[in-house]
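> structure here, sequence nowhere to be found:
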């Protein structure tokens, strides 16, 4: 192992060691925190990220290797930053990046979701535009319009997309469907979906749909919102909803019926446990983003032999987006290497090294499909051919709404009161209209 590799491993370990105590670290004075991550002088590139699982680490290391093949003399210093108390690290990273930018000690890049998460940094004047990266990589020619919109604010690009996850996916156990003589390609409406649930329930599986903690219920509900049509979803993320909107009432009624087929312990179940129950035949269906694919493959299951997917009923020509991106903060110490790293992130070589292992797909439509697994090939085909794309709530709505939506969904799961939930959503939208600072045009 050469010295550069030793330094790379050392910094990866530093980041991982800090994960368990991050909440305490965030509370430390800025100069103390900065000293922990003091950037070395010389030919280096340092960036923050939140990818800590074995698959995520393998994906990141694959992209780092692409960088090192082109720039072998540069030391790559990745630091993992994530909170155990939240999904992703967006809120934690803001608390870290802001004081470092102000003190002139910013990392050379950091990971963030596109859309509202990134806009938080733009509004705080913490980012440099990355128009140069987009131009050099010709990203505008090879990325869909909605992806571009989610990365652009006030006329400038501020995010470099590295990977796309799809949200509107139903995962199923193939043996259970085969035994019940259910053809998944026939499940295109909610009526046909619930009819399949009835067949599976009559075969002895009490809870055909496996659900997990509240955020996963919220995730499922947002896909049901999308199934009411792209125009309604556009109104949903733009905060233009009224309590008497028939589309909202329909979505809540559908969700109410959906919940009737779910496991009663869902509030105490982790998302991957719900998927594990599908893997082991304890349930048939689960709505989850395609980060779930690894839960099946890690068990040795083969796509379309042991498990499969279909799009959420009513969303056949739609693609729900969660976009991982890199940002360039102001006051980076190594501007040339920052640009080089972002160039690799934007490239086919970088994305086709990273995404096959991450479980996501390239943000570019000119990707090398041969590099990807069986499920990802189907996702890439849809990504290139669908008519509509829509941002997930985590990307497409103010953080405050995401939090409030989870509260309303949790209450609804208990009382199943459609009118109450519709009023709660409408009240939030009307009372917080000023927080909807992005006007999405999805149709």
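Sure, I can see it. Since we're looking at a predicted model, the values are computed, not measured.
> shaky segments in the stretch 151-300 of the chain?
Scanning the stretch 151-300 of the chain for pLDDT under 70 picks out nothing.
> that one: helices as residue ranges?
174-179, 190-202, 214-227, 230-237, 246-259, 271-279, 293-297 (DSSP state H, counting those that start in this stretch).
> which of the ones you listed sits most buried?
helix 214-227 (a mean of 23; mean count of other CB atoms under 10 Å). C-betas here are computed from N, CA, C, even on glycine.
> residues in contact with that helix?
87, 167-168, 190, 211, 232-233, 236, 251, 254-255, 258-259, 266-267, 271, 274, 287-289, 312-315, 318, 320, 390, 392-393, 402, 405-406, 409-410, 413 (CB atoms under 8 Å, 6 or more residues apart in numbering).
> go with 7 Å
87, 167-168, 211, 232-233, 236, 251, 254-255, 258, 266-267, 271, 274, 287-288, 312-315, 318, 320, 390, 392-393, 405-406, 409-410, 413 (CB atoms under 7 Å, 6 or more residues apart in numbering).
> show the buried residues in these.
Among those, those classed as buried by 16 or more other CB atoms under 10 Å are 167-168, 211, 232-233, 236, 251, 254-255, 258, 266, 271, 274, 287-288, 312-315, 318, 320, 390, 392-393, 405-406, 409, 413.
> isn't there a strand covering residue 110?
Yes: using DSSP: H, G, I helix; E, B strand; the rest coil, the assignment for residue 110 is a strand.
> which intervals of the stretch 1-150 of the chain have sub-threshold pLDDT?
Regions of the stretch 1-150 of the chain meeting the criterion pLDDT under 70 cover residues 1-41, 82-91.
> which residues of it fall in helices?
So, for the stretch 1-150 of the chain - with DSSP H, counting those that start in this stretch - the helices run 3-19, 22-26, 30-36, 54-70, 90-103, 116-123, 131-137, 139-142, 145-150.
> coming back round to it: what's the closest of the helices of the stretch 151-300 of the chain to residue 114?
With respect to residue 114, and counting by CB to CB, the nearest of those is helix 230-237 at 13.2 Å.
> neighbours of the closest residue to residue 64 other than its chain neighbours, how many?
Once flanking residues are discounted, residue 64 sits nearest to residue 76: 5.1 Å by CB to CB, 6 or more residues apart in numbering. Other residues near residue 76 number 25, with proximity taken as other CB atoms under 10 Å.
> from memory residue 76 sits against residue 63, does it?
No: using CB atoms under 7 Å, residue 76 is not in contact with residue 63, being 9.7 Å away.
> can you give me the domain assignment for this structure?
Listed by automatic domain parsing, the domain ranges of the chain are 3-165+324-385, 169-320+393-435.
> kindly reformat those domains as JSON lines containing distance to residue 443.
Listed next are these as JSON lines, based on distance: least, CB to CB, whole Å:
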{"stretch": "domain 3-165+324-385", "distance to residue 443": "11"}
{"stretch": "domain 169-320+393-435", "distance to residue 443": "5"}
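> okay, the residue lying closest to residue 163 once chain neighbours are set aside and residue 271: tell me how far apart.
Residue nearest to residue 163 in three dimensions, not counting chain neighbours: residue 360, with 3.6 Å by CB to CB, 6+ apart. Shown here: residue 360 relative to residue 271, a distance of 16 Å by CB to CB, to the nearest Å.
> again, but for residue 345
Applying CB to CB, the value for residue 345 to residue 271 is 27 Å.
> about what we covered before: with distance to residue 68 added, can I get the helices of the stretch 151-300 of the chain in CSV?
CSV is the format used below for those (distance: least, CB to CB, whole Å):
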stretch, distance to residue 68
helix 174-179, 41
helix 190-202, 47
helix 214-227, 36
helix 230-237, 39
helix 246-259, 47
helix 271-279, 32
helix 293-297, 25
